[in-house]
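> here is the input, now give the coordinates:
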Amino acid sequence: AFEPGTLPVVLWSNGACRANTLEYVTFLTNVAQAGYAVVAYGEAGSFDMTDGVADETRMVPALDWVTSGADGGDLGAAFDPGAIAAAGHSCGGIDAMLLGRDDRIAAVMALNTGYYPEPGPRAPYERAELDALAAPTLIANGGPSDIAYENSLGNFERMTVPAVLFGHSGAGHVGFFFGLVDGGPDWQMHVDAASFATDWLDWQLKGDAETGEAAFLAEDCTWCTDPWSVETKNF
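The predicted model follows:
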């Protein structure tokens, strides 16, 4: 059990901005097991696979709820309003970075994503939105085969907040969640994806600077060995 006001929270938006977390159950469960409340977009039990469009309002109701304290019931009273991360995959990663403009967000984790230089059909927001980003941000890609690879590089370059550009050379666009490397099954990826995510969250939401240093900042950092890569700035 968590003492009131001590449970860190991860707000999650799915790939394709779908109201369906089925593709992310393994990843999100592993994150939750590390001591986080995960609040994911989509109705419980929903099988809706309709693609959506990035929306700056999508995650705000969840943020309002987790910061409402006792108004959220027994679970709401457990949330730490100072330890909330916005996170998401692909289109959902744009949602997360949009929410990262809100000063109630302590950290952002944007996976296989990035704003295009100009508004596009799936993300009607331009890269200049990054100028309003207010929270430390990890933006990750799955290497050159990831459709979001170039966007992740361009987004990291523009960020002015403390930022980590994180990558795996063969994960592609969905490997972190489907357990794939170079298009084939690699179940270790499920472990590794949850590990780098919780290293970031432990650092940013739980104040574990030792983990942050070892995982991302040290010259011989945990994730600095091929096929993984790390670049940082503003820390």
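> switch to C-alpha atoms for all contacts and neighbour counts from now on
OK.
> tell me which helix or strand of this structure sits lowest on mean pLDDT?
Ranked by mean pLDDT, DSSP states H and E, the weakest helix or strand in the chain is helix 73-78, scoring a mean of 76.
> so how far is the helix or strand following it off the chain centroid?
Going down the chain from helix 73-78, the next helix or strand is strand 79-89, by DSSP states H and E. Mean-position distance between strand 79-89 and its chain equals 9 Å (Cα atoms, centre = their mean, to the nearest Å).
> which strands and helices lie in contact with strand 79-89?
The helices and strands touching strand 79-89, judged by 3 or more Cα pairs under 8 Å, 6 or more residues apart in numbering; DSSP states H and E, are strand 7-13, helix 91-99, strand 107-111, helix 188-205.
> can you lay out those as TSV showing mean neighbour count, mean pLDDT and distance to Gly82?
Shown next, in TSV, are the helices and strands packed on strand 79-89 (neighbours: other Cα atoms under 10 Å; pLDDT from 0 to 100; distance: least, Cα to Cα, whole Å):
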stretch	mean neighbour count	mean pLDDT	distance to Gly82
strand 7-13	26	97	8
helix 91-99	29	98	15
strand 107-111	29	99	10
helix 188-205	19	98	8
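> got these as CSV, with distance to Cys221 columns?
Listed next are these as CSV, based on distance: least, Cα to Cα, whole Å:
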stretch, distance to Cys221
strand 7-13, 24
helix 91-99, 25
strand 107-111, 19
helix 188-205, 12
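> out of those, which gets nearest to Leu138?
Proximity to Leu138 (Cα to Cα) singles out strand 107-111 among the helices and strands packed on strand 79-89, at 4.9 Å.
> which residue ranges of this structure form helices?
With helices called from DSSP state H, the chain shows them at 25-33, 60-66, 73-78, 91-99, 149-158, 175-178, 188-205, 209-212.
> tell me the buried residues in the least confident helix or strand of the chain?
Leu75, Gly76, Ala77, Ala78 (16 or more other Cα atoms under 10 Å).
> which of those residues sits closest to Val53?
Gly76 (28.5 Å).
> what residues does Met159 make contact with?
Applying Cα atoms under 8 Å, 6 or more residues apart in numbering, we find Met159 in contact with Leu130, Asp131, Leu133.
> could you give the number of residues near the nearest residue to Glu43 once chain neighbours are set aside?
Nearest non-adjacent residue to Glu43, counting by Cα to Cα, 6 or more residues apart in numbering: Ala19, 6.7 Å away. For Ala19, the neighbour count with other Cα atoms under 10 Å is 21.
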